[in-house]
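Engineer: Got a predicted model here, sequence first, then my questions.
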Protein chains: 2
Amino acid sequence: MGQPLDDAALDTIFRTARSYNHYLDRPVEESTLHAIWDVMKWGPTSANQLPARLVWCTSEDAKAALAACASEGNRDKILHAPVTAIVGMDENFHEHLPELFPHTDAKSWFDGNAELRRASAFRNSSLQGGYFIVAVRALGLDCGSMSGFDGGLVDKAFFADQPGVTTNFIATLGYGDPATLHARSPRPDFARFNRIA
Amino acid sequence: MGQPLDDAALDTIFRTARSYNHYLDRPVEESTLHAIWDVMKWGPTSANQLPARLVWCTSEDAKAALAACASEGNRDKILHAPVTAIVGMDENFHEHLPELFPHTDAKSWFDGNAELRRASAFRNSSLQGGYFIVAVRALGLDCGSMSGFDGGLVDKAFFADQPGVTTNFIATLGYGDPATLHARSPRPDFARFNRIA
């Protein structure tokens, strides 16, 4: 167990953190994208599957190509954000398990079972999506996740050379502009969605 | 944006944190379970869906019932952990959206589209699973996530009265015993699973 986080840290990653659609005019360095990965990669996945495949769109061309695949309300968000990340998932993650989970033959658990691989890739790349969002905030940045896009088009534009990789969700990132925030949606108390057994 | 986390906090939630199967003989109070929810609930989900439904197994009866649904290698872990949480997902989450996402009619986006609801519940409850793991660690505890169980049996034993709720994954929690840890699985560098576009 580690040293518990103080109030300021809990606020940064969860309690007062917000999703953003608009960012300050402040660049995000490529080294910061590496730093996000170097934090989020430590988050646990089942059998160390690490099925997430990330494309960080930083160029005008990449943002335009991604915006063309997005729902109309999301296009401007992508074009104006310093970076938009595509969080993909690789249903052939098991090919990497001999290296990533070396102490047993975990690859054999998934060979020939595409349905299990798809469910595992979806669950575990989404867990990694949660780690991504927390890591972005932990490093002092903000993000805004979106699922309003045509997955088939994004796959074709960005993962055509990676068979088995499909898009899970996308997220703008940068340094959020607090002036653009709306009221926060409510979060229910423990009793609503939790039970002690 | 919040104040960036210091090295100790990044270590606690990601860099030196580990998954545990064995815990110290130290109880976990019910108030701590409430505290975990009160942190993790702030993590963002699409349209504030919050589809996760958690059952915290603390009694001997509940742990025995859950262990009976688990793969053989996971039974003792569940029986001996202070708490095992079941992270369920509600494909009828949209019924709550008039309250949780009040500024628009988000419920209508999901009415009559069970396939979209199932994918949304899976993705977003997994994101919440990531927040759960980070929140547990942020509060100074440890956890060990597992997908080795019979989902149909767990659903029947714990969600029979909640139609539409199925089990996503389960996780033991407590104060981890570092003496029981094995070597850590490798995490690849940025270039392996990331690309700048």
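Structural biologist: The structure has been received and is ready for your questions. Remember, it's a predicted structure, so these values are computed and weren't measured experimentally.
Engineer: Could you pull up the mean pLDDT of stretch A:36-45?
Structural biologist: The average pLDDT within stretch A:36-45 is 98.
Engineer: Which positions within it qualify as buried?
Structural biologist: Judged by neighbour count using 16 or more other Cβ atoms under 10 Å in any protein chain shown, the buried positions of stretch A:36-45 are A:36-45. Yep, even glycine has a C-beta here, placed from its N, CA and C like the rest.
Engineer: Spatially, what comes nearest to A:I36 if we skip its sequence neighbours?
Structural biologist: Spatial nearest neighbour of A:I36, excluding adjacent residues (Cβ to Cβ, 6 or more residues apart in numbering or on different chains): A:A135 at 5.0 Å.
Engineer: buried residues in the host helix or strand of the one you found?
Structural biologist: A:A135 belongs to helix A:114-138 when elements are defined using DSSP states H and E. Applying a neighbour-count criterion of 16+ other Cβ under 10 Å, one finds A:117, A:120-138 buried in helix A:114-138.
Engineer: Let me see the mean pLDDT of that helix.
Structural biologist: The pLDDT scores in helix A:114-138 average 98.
Engineer: Remind me what that helix packs against, helices and strands.
Structural biologist: Taking 3 or more Cβ pairs under 8 Å, 6 or more residues apart in numbering or on different chains; DSSP states H and E as contact, the helices and strands that helix A:114-138 lies on are helix A:30-40, strand A:52-57, strand A:83-90, helix A:107-110, strand A:142-146, strand A:165-174, helix B:114-138.
Engineer: In chain A, where is pLDDT below threshold?
Structural biologist: Residues of chain A meeting the criterion pLDDT under 70: A:1.
Engineer: Centroid-nearest residue for it?
Structural biologist: The residue lying closest to the centre of chain A (Cα atoms, centre = their mean) is A:G129, at 3.3 Å.
Engineer: show me what contacts that one?
Structural biologist: By Cβ atoms under 8 Å, 6 or more residues apart in numbering or on different chains, the contact set of A:G129 is A:52, A:87, A:145, A:168-169, B:123, B:126-127, B:130.
Engineer: hmm, 10 Å instead?
Structural biologist: When the contact criterion is Cβ atoms under 10 Å, 6 or more residues apart in numbering or on different chains, the partners of A:G129 are A:40, A:43, A:52, A:54, A:85, A:87, A:89, A:145, A:168-169, A:171, B:123-124, B:126-127, B:130.
Engineer: how far away is the residue of chain A found nearest chain B from B:H103?
Structural biologist: Residue nearest to chain B within chain A (Cβ to the nearest Cβ): A:G130, separated by 2.1 Å. As judged by Cβ to Cβ, to the nearest Å, A:G130 and B:H103 stand 24 Å apart.
Engineer: A:P44 against B:G144, yeah?
Structural biologist: Yes - with contact defined as Cβ atoms under 10 Å, A:P44 reaches B:G144; the gap is 8.5 Å.
Engineer: Residues in contact with both of these two, list them for me.
Structural biologist: Common contacts of A:P44 and B:G144 (Cβ under 10 Å, 6+ apart): B:18-19, B:133, B:171.
Engineer: Just give me the neighbour total for A:I78.
Structural biologist: 25 (other Cβ atoms under 10 Å in any protein chain shown).
Engineer: meant to ask about A:S59, not that
Structural biologist: Residues lying near A:S59 (other Cβ under 10 Å) number 11.
Engineer: repeat for A:A35
Structural biologist: Neighbours of A:A35 using other Cβ under 10 Å come to 17.
Engineer: so what's A:H22 closest to, chain neighbours aside?
Structural biologist: Closest to A:H22 by Cβ to Cβ, 6+ apart is A:T180, at 3.9 Å.
Engineer: what's near enough to touch the one you found?
Structural biologist: A:18, A:20-24.
Engineer: likewise A:N113?
Structural biologist: A:N113 neighbours (Cβ under 10 Å, 6+ apart): A:94, A:119-120.
Engineer: what about it, distance to A:E91?
Structural biologist: 10 Å.
Engineer: Same question for A:F132.
Structural biologist: In this view, A:F132 and A:E91 are 19 Å apart by Cβ to Cβ.
Engineer: got it, and A:K63?
Structural biologist: 27 Å.
Engineer: Next, count neighbours for A:L97.
Structural biologist: 21.
Engineer: Identify the residues contacting it.
Structural biologist: A:L97 neighbours (Cβ under 10 Å, 6+ apart): A:47-50, A:104-110, B:185.
Engineer: Please apply the same query to A:L181.
Structural biologist: A:18-22.
Engineer: now swap in A:G43 and tell me
Structural biologist: Counting by Cβ under 10 Å, 6+ apart, the residues that A:G43 touches are A:50, A:52, A:124, A:127-132, A:134-135, B:13-14, B:17, B:130, B:133-134, B:137, B:187.
Engineer: rerun that using 8 Å as the cut-off
Structural biologist: A:127-128, A:130-131, B:14, B:130, B:133-134.
Engineer: for A:N74, same thing?
Structural biologist: Contacts of A:N74 by Cβ under 8 Å, 6+ apart are A:67, A:146, A:148-149.
Engineer: Among those, which ones lie close to chain B?
Structural biologist: The overlap between the contacts of A:N74 and the neighbours of chain B (Cβ under 8 Å from any Cβ of the partner chain) is empty.
Engineer: Show me which of those is closest to A:Q3.
Structural biologist: Comparing the contacts of A:N74 against A:Q3 with Cβ to Cβ places A:M146 closest, at 34.4 Å.
Engineer: List the beta-bridge partners for the residue lying closest to A:I133 once chain neighbours are set aside.
Structural biologist: Leaving out its chain neighbours, the residue that sits closest to A:I133 by Cβ to Cβ, 6+ apart is A:C143, at 5.9 Å. Per DSSP bridges, the residues bridged to A:C143 are A:L173.
Engineer: ok, A:C143 touching A:Y175?
Structural biologist: No - if you go by Cβ atoms under 8 Å, A:C143 and A:Y175 don't touch, sitting 10.5 Å apart.
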